[in-house]
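>>> Coordinates for the following, if possible.
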Amino acid sequence: MSPTPADEERRLAGLVRAHDRWRGRDVFNLLASENAVSKTARRYLASDLAGRYTLPMDLEVDGERIDNSYAGTRYTDRIERLANDAAARLFRARYATTRPLSGHIAALSVLAPLLPHGARLLAVPVEDGGYDGYRTGFLPSMLGYDVRPLRADGPGHTMDGEAAARTIRAERPNAVLLGQSFVLEPFPLREVAEAAHEVGALVLYDASHVLGLIAGGQFQDPLREGADVVFGSTHKSFPGPQGGLIVTDREELGGTIDPFLVWRTFDNAHWHRIAALGQTLLELERCGTEYARTVVENARALASALDTEGLPLVRAVHGFTSSHQIHLDRAGLLREHQVGPGALARRLERRRLLIDLVGRIGVAEATRLGLVPSDMPRLAHLLVDGGVRNHNVTSEVRDWRRTFVGLRFA
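The predicted structure follows:
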């Protein structure tokens, strides 16, 4: 007998409640690509804005200029302006938009209007920690770009500034795209920007993983160091809802990007997400410096404690990390403990400790929960005891996790 809609509604409700208990009370989330959204921002996500559809535009209809094709937008328009203004203040930019639906859509919304078909693009290759979406066959192929590698093959996928500058001057690209999925250290941005601008290339900075650290002034300051446009995801080290953000200090570039957002990369923006993102931007204006500083302190403290516990880690130029990420040494893990990062992650998931299956550990959400550097030795011991030694630490993890109620920096 097939289930009825009522049966499936109850099943769905049960699954959502189970998820909320699991992720909200019972596990430590150490995924580098996720974060916790504040209670206020979550309330906005569930507001009436969630079902509203508006279409911002600059159009003439029957001789009248209109900026939206729908009535009833008096508050959505103001919410967007507030969020955009907060983003411009936080990143000290002249132009900001909170409309992109994701970090990937933000990248598309920057690349497509600024670079012509056939443009040459330098990007960090995947083998150096780069984002898969910038490989041939993905965004570059879709937009007709010739993508070439800009190596970041130093310790921990770090980039050598002099070598990068030589590559830029030799390749003479239309744009240099800096961004990594595996990121431990800042880019040598001043050297890259000097070489890029010398050959007439734009410097585009994909800050998806480190946007929250940049907002808090704890990683690097791309717009002041020479980046022409900064964009990225708003749900990784940046503790907001899933979505994207674009900022630039060059008003003419903002003026080129903005019209492209409508009827090209998308039409309608998601207003409940923009309201929640606006709330997160305001939270970071208030306490982003302390938040970002604590994230980096926690990452360094956890890396040091994991190293003491004997877990093989990747070393960067300045210790283990300057970001929210820690990278497992995959070869060392297999050699010393006969377990790969995927199997380790699955083992830890059974112990209520979440890391990703590609060898990254992140501390952004744990920092929002309230963990501080003095907690990191205990967390490291649980990770090694439950993962490498395969001991059952489930009850201890659950009981400790439930002592953290609410969020800091919210």
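>>> any idea how far Glu290 is from Ala6?
48 Å (C-beta to C-beta, to the nearest Å). Placement of C-beta: from N, CA and C, glycine included.
>>> These two: who's more crowded?
More crowded of Glu290 and Ala6, by other C-beta atoms under 10 Å: Glu290, with 13 against 8.
>>> what ranges do the helices span in the stretch 301-410 of the chain?
For the stretch 301-410 of the chain, the helices defined by DSSP state H, counting those that start in this stretch occupy 330-337, 341-350, 364-369, 376-383, 394-401.
>>> Give the buried residues for the shortest one.
What that stands for is helix 364-369. By neighbour count with 16 or more other C-beta atoms under 10 Å, helix 364-369 contains the buried residues 364-369.
>>> same thing with the first one?
When neighbours are counted by 16+ other C-beta under 10 Å, the buried residues of helix 330-337 are found to be 330, 333, 337.
>>> Rebuild those as TSV, extending it with distance to Thr136.
Shown next, in TSV, are the buried residues of helix 330-337 (distance: C-beta to C-beta, whole Å):
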residue	distance to Thr136
Arg330	25
Leu333	30
His337	36
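>>> still on that earlier bit, the helices of the stretch 301-410 of the chain: which one's closest to Pro241?
Nearest to Pro241, of all the helices of the stretch 301-410 of the chain, is helix 364-369, at 13.7 Å by C-beta to C-beta.
>>> Which residues does the closest one contact?
For helix 364-369, contacts defined as C-beta atoms under 8 Å, 6 or more residues apart in numbering pick out 28-32, 34-36, 212, 236-237, 239, 291, 294-295, 298, 324, 379, 404, 407-410.
>>> before we move on, what about stretch 251-258?
94-97, 109-110, 113-114, 202, 228-229, 246, 248.
>>> Just the buried ones from these, in PyMOL syntax?
The PyMOL command for the buried members of the contacts of stretch 251-258 (criterion: 16+ other C-beta under 10 Å) is given here:
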select buried, resi 95+96+97+109+110+113+114+202+228+229+246+248
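>>> where along the stretch 1-150 of the chain do the helices fall?
Along the stretch 1-150 of the chain, counting by DSSP H, counting those that start in this stretch, helices occupy 5-21, 39-45, 74-91, 103-114, 139-143.
>>> Output the longest one in CSV, but only the C-alpha positions, please.
To tie it back to what came earlier, the one meant is helix 74-91. The C-alpha trace of helix 74-91 is given here as CSV (Å, rounded to 0.1, in the frame of the first residue of the first chain):
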residue,chain,number,x,y,z
ARG,A,74,8.5,48.7,-0.4
TYR,A,75,10.2,46.6,2.3
THR,A,76,12.2,44.2,0.2
ASP,A,77,13.8,47.1,-1.6
ARG,A,78,14.8,48.7,1.8
ILE,A,79,16.0,45.3,3.1
GLU,A,80,18.3,44.9,0.1
ARG,A,81,19.7,48.4,0.4
LEU,A,82,20.4,47.9,4.1
ALA,A,83,22.2,44.6,3.5
ASN,A,84,24.2,46.0,0.6
ASP,A,85,25.2,49.1,2.6
ALA,A,86,26.3,46.8,5.5
ALA,A,87,28.4,44.8,3.1
ALA,A,88,30.0,47.9,1.7
ARG,A,89,30.8,49.2,5.2
LEU,A,90,32.2,45.9,6.4
PHE,A,91,34.5,45.4,3.5
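>>> so how far is Gly72 from the spatially closest residue to Gly133 that is not a sequence neighbour?
Of all residues not flanking Gly133 in the chain, Leu139 sits nearest, at 5.2 Å (C-beta to C-beta, 6 or more residues apart in numbering). Taking C-beta to C-beta as the measure, Leu139 falls 35 Å from Gly72.
>>> Which residue of those two possesses the greater neighbour count?
The neighbour comparison of Leu139 against Gly72 (other C-beta under 10 Å) goes to Leu139, with 22 against 9.
>>> Ser109 is in contact with the more buried one, correct?
No - assessed by C-beta atoms under 8 Å, Leu139 is found out of contact with Ser109, at 11.3 Å.
>>> The spatially closest residue to Arg42 that is not a sequence neighbour: neighbouring residues, count only.
With sequence-adjacent residues excluded and distances taken as C-beta to C-beta, 6+ apart, Arg42 is closest to Ala276, at 7.1 Å. Here the count is done by other C-beta under 10 Å, and Ala276 has 29 residues near it.
>>> how close does Ala276 get to His235?
The gap separating Ala276 from His235 is 10 Å, by C-beta to C-beta.
>>> residues in contact with Gly359?
Counted by C-beta under 8 Å, 6+ apart, Gly359 has contacts 327-328, 330, 333, 341.
>>> what's the farthest-apart pair in the residues you listed?
So, the contacts of Gly359 by C-beta to C-beta: farthest apart are His327 and Leu333, at 10.8 Å.
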